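Chemist: Based on what follows, work out the 3D shape:
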Amino acid sequence: MAISFSQSLFFATIFLSGCASGLNVHKFEDVKIDPNEKAFVLLTDSNWATNLRLELAKHGFKIKKFASTQNVRKNMVTESSGGLVEDERLYKEAGARYGITLTQKSQMDWCPFNDNIKANFSLEVSDLKTNDVVMVIEKANWTGLCGPFSVRSKYVFEELADELVNNWK
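Modeler: Next comes the predicted model:
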């Protein structure tokens with residue numbers, strides 16, 4: 001059974017493009033966000049954290065590296081069976097109201113010319129004050145340019161940042 005040139009071209013295209021999921025945004029309606037708050041903490045570190053941080057900064061978001069930089073001591077008075085007890089508590093002061101978790105869910109393709117890949121990513125936004133998940137954005141695409149013949153209008157981190165802006169209301 002011989003394979004024709006057009007069949008070979010079809011299979012090569014499918015193989016090289018890989019399967020990609022479309023954009024999926026889930027905004028939890030029961031959780032209120034403050035659209036004026038544009039400071040986030042990136043809660044996970046990965047090979048792609050800098051790419052995401054740069055794209056979000058282009059949209060006016062400030063992405064802090066650490067959740068907290070300052071320890072706070074506070075005296076707390078609690079009531080126990082023996083009476084009032086004064087207790088000193090130590091906690092970290094939050095550096096931002098919202099946190100972002102970036103997860104690479106799967107890899108579908110790799111670039112033979114550089115370190116870019118085609119992968120499914122999930123961006124989860126959580127309210128650090130209430131510990132509620134506010135929004136989940138999922139998208140699959142290339143992480144950047146792959147080779148001299150690659151032409152794309154946007155890459156995955158640009159798309160994730162755009163959707164965060166569009167839904168940050």
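
Chemist: buried sites along the strand ranked longest in the chain?
Modeler: When the chain is parsed with DSSP state E, its longest strand is strand 98-110. Of the residues in strand 98-110, those buried by neighbour count under the rule 16 or more other C-beta atoms under 10 Å are 98, 99, 100, 101, 102, 104, 108, 109. C-beta: built from backbone N, CA, C; applies to glycine.

Chemist: Closest one to residue 127 out of the residues you listed, please.
Modeler: Taking C-beta to C-beta as the measure, residue 127 lies nearest residue 98 of those, at 6.1 Å.

Chemist: OK, contacts around the closest one?
Modeler: For residue 98, the contacting residues are 33, 37, 39, 40, 41, 125, 126, 127, 128, 134, by C-beta atoms under 8 Å, 6 or more residues apart in numbering.

Chemist: One more pass at 7 Å, please.
Modeler: Residue 98 is in contact with 37, 40, 125, 126, 127, 128, 134, counting by C-beta atoms under 7 Å, 6 or more residues apart in numbering.

Chemist: And for residue 58?
Modeler: When contacts are counted by C-beta under 7 Å, 6+ apart, residue 58 is found next to residue 161.

Chemist: cool, the one 3 residues further on as well?
Modeler: For residue 61, the contacting residues are 38, 40, by C-beta under 7 Å, 6+ apart.
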